[in-house]
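Student: dropping the sequence and predicted coords here.
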Amino acid sequence: MFEIIEDLLQLFQISLWLYLFAFSFKSYDKSWYWWIIINGLISVVIVFIIIDKDLLHGYRFALMTYLGICINWTIGALHPLLHNDNASGNAVGVGQLLISVAYFIWILYFGCDKDTTVGKWTNSSGILRNIQTTKNNNSYTLQNVTSENPLSEPSITTTSPPVNLRAEALFDYTANKEDPNEISFSQGEVMDILDNNGRWWQARKADGTMGIVPSNFFKVI
């Protein structure tokens, strides 16, 4: 669900920007209107980079501030664009209104804490994430089965997976009950990171419990 929503929002924003760019040629020639349209493209690129590079934790507040400024700019252009006799200008005004809605959705999506209703919904388990986490956990399935049935193969000794990194939790997190692969943790808890590929890491707690955790809730130490 998380990745699908991100892709749809990015596609929506890119489509709106292309719409604005096309109609702006027939609309007003005021330079600040063009700046707002160019800024729309910049915002698309910034959001894409932050999502693709998993930079949300470090740039979250800066991104919220920037998107808030973008909303202020686009709303400021609505009145002169919508209240005129130029059909193309009206079309650009409608596009700016929809762009403002897109900015607002991004702010809710990135800014809401995980304990809020929106945060729980956007962090819920989805098909794409489950595929990724299933792939990441395949290498540990045999080990877990062996540990649960030690008497079936007394001559076989199990070894722990190699530890690549250690990371400290920045926030509390409660595992999703619908996803048995997730594990809960507390702020300040240190875990061994066994696989740090993707947005969900394979981690091991101090008591030996293993599972997946959201990467943006941790900092590597």
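Tutor: Perfect, I can see it now.
Student: next helix or strand past the helix or strand bottoming out on mean pLDDT in the chain?
Tutor: Sorting the helices and strands of the chain by mean pLDDT, DSSP states H and E puts helix 127-148 at the bottom, at a mean of 42. Downstream of helix 127-148, the next assigned helix or strand under DSSP states H and E is strand 165-169.
Student: can you tell me the element Pro80 falls in?
Tutor: In this structure, Pro80 sits in helix 78-82 according to DSSP H and E.
Student: buried residues in the following helix or strand past that helix?
Tutor: Counting by DSSP H and E, the next helix or strand C-terminal to helix 78-82 is helix 87-111. Neighbour-count burial for helix 87-111, counted by 16 or more other Cβ atoms under 10 Å, picks out 88-100, 102-103, 105-107, 109-111. For glycine as for every other residue, the C-beta is placed from the backbone atoms N, C-alpha and C.
Student: which elements pack onto the helix holding Pro80?
Tutor: Applying 3 or more Cβ pairs under 8 Å, 6 or more residues apart in numbering; DSSP states H and E, one finds that helix 78-82 contacts helix 87-111.
Student: try 10 Å
Tutor: Contact here means 3 or more Cβ pairs under 10 Å, 6 or more residues apart in numbering; DSSP states H and E; on that basis helix 78-82 packs against helix 31-52, helix 87-111.
Student: lovely, talk soon.
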